[in-house]
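**Q** Below is the sequence, then the predicted model.
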Amino acid sequence: AKAGFRIWKDLLDYALNDPAMSTDVFKIGSELHRQKIRLWQALCVTAVFVPSDGVAAAARQLLPRLNNNVPPAVKQYTESVLAGLMLREPALVEELLLPALEGHDRSH
């Protein structure tokens, strides 16, 4: 479990902080697009290794990513990771997700 969590942390750091992986400027079907999809797929798989006491912190890191302008093929995995974390800690829905939805502008 510790090795899995270490992989999760490394992948998340890469997704959030690497200039190429954290940008939303890329062509659909490009090599970068495929790499982003694979990265978020890996995060989906390794999210099960996030310990209970780390779920809230991980969700807080990921929530701002939902506002990124990325293609659906990438966004679905970002949403899946966050949903999986929130299923493990349902209180996060009220704490983090509902306020974000209340502030959402429906005119877009």
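**A** Yep, that arrived.
**Q** Pull up the gap between residue 85 and residue 71, please.
**A** 22 Å (C-beta to C-beta, to the nearest Å). Every C-beta, even on glycine, is put in place using the N, C-alpha and C of the backbone.
**Q** out of these two, which sits in the busier spot?
**A** In this view residue 85 and residue 71 are compared by other C-beta atoms under 10 Å, and residue 85 has more residues nearby, 24 against 15.
**Q** pLDDT wise, what is that one at?
**A** On pLDDT, residue 85 comes in at 95.
**Q** Same check on residue 2?
**A** Checking the pLDDT column for residue 2, the value is 94.
**Q** Let's see the pLDDT reported for the residue minimising distance to the centre of the chain.
**A** Per C-alpha atoms, centre = their mean, the C-alpha nearest to the average position across the chain is that of residue 78, at 3.8 Å. At residue 78, the predicted lDDT confidence score is 94.
**Q** How about residue 53?
**A** On the pLDDT scale, residue 53 gets 95.
**Q** same check, this time on residue 104
**A** Residue 104 is assigned 63 on the pLDDT scale.
**Q** packing partners for the helix or strand bottoming out on mean pLDDT in the chain?
**A** In the chain, no helix or strand scores lower on mean pLDDT, DSSP states H and E than helix 98-102, which sits at a mean of 78. If contacts are counted by 3 or more C-beta pairs under 8 Å, 6 or more residues apart in numbering; DSSP states H and E, helix 98-102 sits against no helix or strand.
**Q** Can you pull the poorly scored residue ranges out of this protein?
**A** By pLDDT under 70, the low-scoring segments of the chain are 103-108.
**Q** Please give me every residue in contact with residue 97.
**A** 63, 86 (C-beta atoms under 8 Å, 6 or more residues apart in numbering).
**Q** actually residue 7, sorry about that
**A** Residue 7 touches 42, 46, 49, counting by C-beta under 8 Å, 6+ apart.
**Q** what kind of secondary structure is residue 26 in?
**A** coil (DSSP: H, G, I helix; E, B strand; the rest coil).
**Q** right, and it touches residue 34 too?
**A** No. Taking contacts as C-beta atoms under 8 Å, residue 26 lies outside contact range of residue 34: 10.0 Å.
**Q** Noted, bye for now.
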